[in-house]
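Novice: I'd like to go over a predicted model; first the sequence, then the structure.
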Amino acid sequence: MEFKAVTMVIPEDCNLILGQAHFIKTVEDLHEIFVGISAQVKFGIAFCEASGPCLIRLSGNDAPLQEVATANAQALGAGHCFVILLKEAYPINFLNAIKQCAEVCTIYCATANPTQVIVAVTEQGNGILGVVDGFAPRGVESPADVQQRQAFLRRVGYKL
């Protein structure tokens, strides 16, 4: 067995949602979640089938995001993982619905940060062990940092 760190490609102004599911129906159900929540979200989904023809199944409403999601899924090569890239919306708007999707087993991360995925490679295939999301902390927030955080959340409309 060996381990590798796979760097995800996240286009500018996009977010990544990485997870694992268990059935070919996943790609269509995830698509329905996105269009059901937001008419303006742009997204691409790639799902790595883990049995049968073992194809990467695709969906979305933005061809360039589908292409990058597919490239990320190919780089991971991990059975039953899904890669979603989205723009013009934030993952927070979709995560609870994704978690409620019957096929979804795990969400590893939802981020716009630089992301590396730790993958185990065995004779059978690849599996995701975890993610490195962004960077290590550089300190502890000060009272001024608290005010900046609170102002940001209000500016983007997540707090009153």
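Specialist: Thanks, I have it.

Novice: mind telling me what element the residue nearest the centre of the chain is part of?
Specialist: Centrality entry for the chain: nearest residue to the mean C-alpha point is Ile17, 1.3 Å, by Cα atoms, centre = their mean. Assigned by DSSP states H and E, Ile17 belongs to strand 14-21.

Novice: so what's the gap between that strand and the chain middle?
Specialist: 1 Å (Cα atoms, centre = their mean, to the nearest Å).

Novice: skip ahead from that strand and say which helix or strand is next.
Specialist: As assigned by DSSP H and E, the chain's next helix or strand after strand 14-21 is helix 26-37.

Novice: got the buried residues for that following helix?
Specialist: Residues of helix 26-37 classed as buried: 26-27, 29-31, 33-34 (neighbour count, 16 or more other Cβ atoms under 10 Å). All C-beta spots, glycine's among them, are computed from the backbone N, C-alpha and C.

Novice: what's near enough to touch the residue in the chain sticking out farthest from the centre?
Specialist: Here the chain reaches farthest from its C-alpha mean at Pro143, the gap being 32.1 Å by Cα atoms, centre = their mean. By Cβ atoms under 8 Å, 6 or more residues apart in numbering, the contact list for Pro143 is empty.

Novice: now do the same for it: its pLDDT.
Specialist: The score at Pro143 is 97. That number is its pLDDT.

Novice: returning to what we had before: output the buried residues of helix 26-37 in CSV; the columns should cover pLDDT and distance to Glu49.
Specialist: Shown next, in CSV, are the buried residues of helix 26-37 (pLDDT from 0 to 100; distance: Cβ to Cβ, whole Å):
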residue, pLDDT, distance to Glu49
Thr26, 94, 9
Val27, 96, 9
Asp29, 98, 14
Leu30, 98, 14
His31, 98, 16
Ile33, 98, 19
Phe34, 98, 20
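
Novice: need these in JSON lines with distance to Arg154, can you?
Specialist: Shown next, in JSON lines, are those (distance: Cβ to Cβ, whole Å):
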{"residue": "Thr26", "distance to Arg154": "36"}
{"residue": "Val27", "distance to Arg154": "36"}
{"residue": "Asp29", "distance to Arg154": "34"}
{"residue": "Leu30", "distance to Arg154": "30"}
{"residue": "His31", "distance to Arg154": "32"}
{"residue": "Ile33", "distance to Arg154": "27"}
{"residue": "Phe34", "distance to Arg154": "26"}
